[in-house]
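1. next input, structure requested:
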Amino acid sequence: MIRTPEVKNEIFNNVYEFLSSFPGEIEFVKSVNQFYKSDFEKVGLTDFYESYYLNKPIEVLYSSPGEEPIFSNLHSPHMRDFLKLTKIYRERIGIDDKSIVIILTEINAVREYENWNWDMNFGILTTKISGDFIEFKEVHYKLSLAHELTSMILRIKMKLRPRHSFHKKPCGCINDYLFGIKDLPIKLRTADICDECCDIIDREKISDKLITHILDILDGIRTQLLFRMKFNRRIQAVSISVNENNKILLPTLGNLEIKLTPLFKTLFIFYLNHTEGISFSDLAKYKDELNKLYRKLNKRIPDKEIGLTIDMVLNKDTDFFSINKSRLNSAITKQLGEPLASFYKISGKPREAFKINVPKELITIHTNTLSAFRNQV
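-> Here you go, the predicted structure:
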């Protein structure tokens, strides 16, 4: 996965992190780089780059009073240009021809759904197919772009030709044609793989492991969509896990991630592990655990700053702990909504034990994270 410069890094990372949260046959790899000006220059897109990214005015070739000016021809990117950019990228990074390269871009370089080439293991994922995926509020862009990227991988593996490979009459298949962005929620909720496409999958001898991985991702998208749209109203706690990368996930909700700052995550995982509950007055007894956990979750700052921050958390003469606990709970409510959030907030009365009210059997914490706690490996 690689992006063109106008695509925000936050968008790119959110799509990648969602896809990579599903283990399986497909290894999603994001480029730490993007396409640069020199790349555009090599494929004859210097004028486009300067106009699109640097807001350089287009040269006026001719203009007279009362007449429309005639501008120089601005060469906008086409599929062949992106293929050339992909070749440069493969050579720079050392990617073999069998690996699929997907470019995430806002540039409308090709007509709708003519944006992949299975011969070249290549695809263009534009955020503006049949509308603007980023601005469409009914579906989070992370889900719509992840769905389209996963679909594109399958189409490339199926060796489908663009445009003519879509079902114009919807049949609940991943390859149904999207007539407009307003139909996106329905497509994401119902998309599976139809019998006709299964026949092609068998013919092309696509591995069962790859198809299983794709279906797992589709199920995850569907589950998160239903949760976010409140079609799936849960009034009880669901399983929660902290994986080997210290990400906090709700597996039964399509690996929905609870995103927190390092300090908030430290407090959250600490109380998630201590299901018995710990009062603020006893918190100082666990200073070593908090220090180790905060260090594990925040490797960018020096040890001295780690210690100072934890000392502030434990300071009984300030409201630092109370303020951050409240902000942590607000962040969880914002991401999960009520009533689900109530199970995952740190709750309790002053001078009594604080705890997270999730049953112990629903909690899984990876050994990598548990190593910060006493008597646990």
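
2. contact partners for the closest residue in space to residue 16 that isn't next to it in sequence?
-> Excluding the flanking residues, the one nearest residue 16 by C-beta to C-beta, 6 or more residues apart in numbering is residue 30, at 4.3 Å. (Glycine included, C-beta is placed from N, CA and C.) Neighbouring residues of residue 30 by C-beta atoms under 8 Å, 6 or more residues apart in numbering: 1, 2, 12, 13, 16.

3. test my guess that the first one contacts residue 26.
-> So that's residue 1. No - if you go by C-beta atoms under 8 Å, residue 1 and residue 26 don't touch, sitting 11.3 Å apart.

4. residue 316 sits in which helix or strand?
-> Assigned by DSSP states H and E, residue 316 belongs to no helix or strand.

5. A helix includes the residue nearest to residue 16, no?
-> No - the assignment for residue 30 by DSSP: H, G, I helix; E, B strand; the rest coil gives coil, which leaves it out of any helix.

6. do you know the pLDDT at it?
-> Listed pLDDT for residue 30 reads 90.

7. which stretches in the protein count as helices?
-> Per DSSP state H, the chain carries helices over the ranges 9-20, 37-42, 46-52, 79-93, 141-158, 184-190, 195-203, 208-228, 262-273, 287-297, 303-314, 320-336, 367-370.

8. so which of those gets nearest residue 121?
-> Closest to residue 121 of the helices of the chain is helix 141-158 (C-beta to C-beta; 6.3 Å).

9. what helices or strands is that closest one leaning on?
-> helix 9-20, strand 101-105, strand 116-117, strand 122-126, helix 184-190, helix 195-203, helix 208-228 (3 or more C-beta pairs under 8 Å, 6 or more residues apart in numbering; DSSP states H and E).

10. so where's the stretch 101-250 of the chain shaky on pLDDT?
-> Within the stretch 101-250 of the chain, the stretches with pLDDT under 70 are 109-114, 128-137, 163-164, 228-235.

11. per the record, what domains does this protein have?
-> Residue ranges for the domains of the chain, per automatic domain parsing: 2-228, 240-370.

12. between the two ends of the last one, how far is it?
-> Looking back up the chat, that one is domain 240-370. Counting by C-alpha to C-alpha, to the nearest Å, you get 15 Å between the two ends of domain 240-370.

13. run a quick neighbour tally on residue 99.
-> Counted with other C-beta atoms under 10 Å, residues neighbouring residue 99 total 11.

14. now do the contacts for it.
-> Going by C-beta under 8 Å, 6+ apart, residue 99 touches residue 121.

15. same deal with the one 5 residues further on?
-> Contacts for residue 104 (C-beta under 8 Å, 6+ apart) come out as 1, 2, 3, 4, 7, 11, 12, 15, 125, 127, 145, 149.

16. same question, residue 314
-> Contacts here follow C-beta under 8 Å, 6+ apart; on that basis residue 314 touches 283, 284, 287, 290, 321.

17. are any of those residues buried, and if so which?
-> 283, 290, 321 (16 or more other C-beta atoms under 10 Å).

18. let me know the pLDDT of the second one.
-> The model reports residue 290 with a pLDDT of 94.

19. look up the closest residue to it, ignoring the ones flanking it.
-> residue 310 is the one closest to residue 290 (C-beta to C-beta, 6+ apart), at 4.9 Å.

20. and for residue 174?
-> The shortest distance from residue 174 to any non-neighbouring residue, by C-beta to C-beta, 6+ apart, is to residue 191 (4.6 Å).

21. surely that neighbour meets residue 176?
-> Yes - here residue 191 reaches residue 176: they are 7.0 Å apart, a contact under C-beta under 8 Å.
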